[in-house]
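Student: only geometry, no sequence info:
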């Protein structure tokens, strides 16, 4: 990653010094991990101080052709003995529809920049077999392509988001993909789509222009990529009255040099609708063998992700037209030390999804609430069987992971307005809080990532009084606990005591727990 450099003279609204000056705002939220938290924790929820809307897209997801995410995960095939709906795993469809997936990114990831969409359309028996270069060199039969992806999105109620091929593709290829998907009828490609089963256009709005082009997407410099982005953007047509929402490849983590070089190289009238950064919380332990120390080290990444969001947003705002470019966290999540034997049996990038994984994801979702005015979309990697997914499958079994239940607890925040939260002791280790409101309804999410400390928490509400409250908790005594295959003893949310009085809320936050409180204000 390149090192930061001074502000560019094109900046017109605020400079990088103001970016750094905004960082003390992080002290207003209990991001912790700096020392042992003990005793009663005091939190003030400033219901009268709004941040921005918690867009449903902040709870987005990502499905790549890696491991058993697609094949054996969401797609088992129409002739499979596993219960399915037109080839989609029936249990996965039901669980994902129940959760509500706002947006789904596909086909990658690294796979996207070696994927040619025409390989995945038409009669399945006639589709060419290709080698998956990035994820193990297995033969991809292309039985899951564009039409199957759209069908899956419709089954689970998700908005489709397609990542196009820049690394080994062409502007013509992306242009044709958009026409195949979005042109109503009468052209060769629209008519081909109709023959393949959909007379109506797919109306796909979100289009990524490449993926990680600084790495697996071509090992490009930002200026090289910017030149390609300009070319590809010219040939991304408005069809069927729908203007493509183009997502440009942003930095690896908080690489401000990449962001500067891209913004320097693209004129204001050619800027993308969104700019996508990727940021993973790397871990040193195998997924089911974390210690308190290695968990704390991994969770300590999240304050850095929050810092990156603040800095990248301010950097974009400093350019002509930059305020119109939305900031996206296109890939995020936890990446643990992989175990070769597990990958052999369960597929590439398999990680057991534990209580520690759930705490990490809850930290991210709290972060997105607190920075809701700076983010347009965040996509967890990945949906099924890869890294810290919503679902894990084995044969005919499909298990909802603890991460699935974290998203279920946070679902109540969607479309509400995030409000500011202050902690009496912002260095309290392990305590993280966010809140949002709509009318007389307030939602508060709290988590305690300590493995050795229970926390009594008192939340005072600024400018309002609570009339009633109820809470749900996700909790395990072991940071490596998980929902396993073949077990009826599954960890899931359950009711949790919360009391209302004195203008606020009081509750106990057990070690290794995530709690969401629904409050009705007087």
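Tutor: Cool, the structure landed. None of these values were measured; they are calculated from a predicted model.

Student: do you know how far the residue nearest the centre of the chain is from residue 159?
Tutor: The centroid of the chain falls nearest to residue 379 when counting by C-alpha atoms, centre = their mean (2.1 Å). Noted for residue 379: a distance of 11 Å to residue 159, by C-beta to C-beta, to the nearest Å. Every C-beta, even on glycine, is put in place using the N, C-alpha and C of the backbone.

Student: what residues do the two have in common as contacts?
Tutor: residue 103 (C-beta atoms under 8 Å, 6 or more residues apart in numbering).

Student: Where do the domain boundaries of the protein fall?
Tutor: The record's domain split for the chain, according to automatic domain parsing, is 22-52+418-483+491-521, 55-414.

Student: By mean pLDDT, show me the worst of those.
Tutor: The minimum mean pLDDT among those belongs to domain 22-52+418-483+491-521 (a mean of 86).

Student: residues touching the nearest residue to residue 120 once chain neighbours are set aside, list them.
Tutor: In space, and not counting its chain neighbours, residue 120 is closest to residue 145: 2.1 Å by C-beta to C-beta, 6 or more residues apart in numbering. Going by C-beta under 8 Å, 6+ apart, residue 145 touches 117, 119-121, 127.

Student: Which one of those is nearest to residue 454?
Tutor: Residue 454 has its nearest neighbour among the contacts of residue 145 in residue 120, at 51.1 Å by C-beta to C-beta.

Student: correct me, but that closest one touches residue 144?
Tutor: Yes - Residue 120 is within contact range of residue 144, at 7.0 Å (criterion: C-beta atoms under 8 Å).

Student: I'd like to know which of the contacts of residue 145 are part of helices.
Tutor: Judged by DSSP state H, helices contain none of the contacts of residue 145.

Student: Mind picking the two most distant members of those?
Tutor: 117 and 127 (11.2 Å).

Student: For residue 127, grab the count of nearby residues.
Tutor: Residues contacting residue 127 under the criterion other C-beta atoms under 10 Å number 18.

Student: ugh, wrong one, residue 382
Tutor: Neighbourhood size, residue 382 [other C-beta under 10 Å]: 26.

Student: same question, residue 224
Tutor: Using other C-beta under 10 Å, residue 224 has 15 neighbouring residues.

Student: quick one: contacts for it?
Tutor: By C-beta under 8 Å, 6+ apart, residue 224 lies in contact with residue 218.

Student: go again using 10 Å as the cut-off
Tutor: Residues in contact with residue 224 (C-beta atoms under 10 Å, 6 or more residues apart in numbering) are 213-214, 218, 261, 265.

Student: Next step: the residues you listed restricted to helices.
Tutor: Those of the contacts of residue 224 lying in helices (DSSP H): 261, 265.

Student: Highest neighbour count among the contacts of residue 224?
Tutor: Neighbour counts for the contacts of residue 224, by other C-beta under 10 Å, peak at residue 213, which reaches 25 neighbours.

Student: which neighbours do residue 117 and residue 127 share?
Tutor: 142, 145.

Student: what ranges do the helices span in this structure?
Tutor: All helices of the chain, identified by DSSP H, fall at 16-21, 90-99, 146-156, 171-182, 188-195, 222-234, 256-265, 292-299, 301-317, 340-346, 355-370, 402-410.

Student: Of all the ones you listed, which one is nearest residue 432?
Tutor: helix 355-370 (4.9 Å).

Student: angle of that closest one against helix 301-317?
Tutor: On the basis of axes from the mean of the first three to the mean of the last three C-alpha atoms, to 10 degrees, helix 355-370 is oriented at 30 degrees to helix 301-317.

Student: Identify each buried residue in helix 355-370, please.
Tutor: Buried residues in helix 355-370, counted by 16 or more other C-beta atoms under 10 Å: 355-370.

Student: Stretch 384-401 too?
Tutor: Judged by neighbour count using 16+ other C-beta under 10 Å, the buried positions of stretch 384-401 are 384-393, 398-401.

Student: For that stretch, measure first residue to last.
Tutor: End-to-end distance for stretch 384-401: 10 Å, by C-alpha to C-alpha, to the nearest Å.

Student: Neighbours of residue 332, how many?
Tutor: 26.

Student: and the closest residue to it other than its chain neighbours, what does it touch?
Tutor: For residue 332, ignoring the flanking residues on the chain, the nearest one in space by C-beta to C-beta, 6+ apart is residue 279 at 5.5 Å. Residues in contact with residue 279 (C-beta under 10 Å, 6+ apart) are 251-254, 301-302, 304-305, 308-309, 312, 329-333, 364, 378.

Student: how about the nearest residue to residue 157, chain neighbours excluded?
Tutor: Nearest residue to residue 157 in three dimensions, chain neighbours excluded: residue 97, at 5.9 Å (C-beta to C-beta, 6+ apart).

Student: What's the separation between the closest residue in space to residue 75 that isn't next to it in sequence and residue 511?
Tutor: Nearest residue to residue 75 in three dimensions, chain neighbours excluded: residue 144, at 4.7 Å (C-beta to C-beta, 6+ apart). The gap separating residue 144 from residue 511 is 42 Å, by C-beta to C-beta.

Student: So these two - more neighbours on which side?
Tutor: Higher neighbour count among residue 144 and residue 511: residue 144, with 25 against 17, using other C-beta under 10 Å.

Student: so that one touches residue 86, yeah?
Tutor: No - Residue 144 sits out of contact with residue 86 when judged by C-beta atoms under 10 Å, with a separation of 11.7 Å.

Student: any common contacting residues for the two?
Tutor: In contact with both residue 144 and residue 86: 75, 77, 151-152, using C-beta under 10 Å, 6+ apart.

Student: so can I have a markdown table of the residues you listed showing neighbour count and distance to residue 452?
Tutor: Below are the shared contacts of residue 144 and residue 86 laid out as a markdown table (neighbours: other C-beta atoms under 10 Å; distance: C-beta to C-beta, whole Å):
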| residue | neighbour count | distance to residue 452 |
| --- | --- | --- |
| 75 | 24 | 43 |
| 77 | 18 | 47 |
| 151 | 17 | 48 |
| 152 | 27 | 43 |
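
Student: What is the nearest of those to residue 317?
Tutor: Comparing the shared contacts of residue 144 and residue 86 against residue 317 with C-beta to C-beta places residue 152 closest, at 36.1 Å.

Student: What residue, apart from its backbone neighbours, is nearest the closest one spatially?
Tutor: Nearest residue to residue 152, sequence neighbours excluded (C-beta to C-beta, 6+ apart): residue 88, at 5.6 Å.

Student: likewise residue 519?
Tutor: residue 442 (4.1 Å).

Student: same deal with residue 41?
Tutor: What sits nearest to residue 41 in space, not counting adjacent residues and going by C-beta to C-beta, 6+ apart, is residue 457, at 4.7 Å.

Student: Next one: residue 467 from residue 330, what distance?
Tutor: The spacing between residue 467 and residue 330, counted by C-beta to C-beta, is 40 Å.
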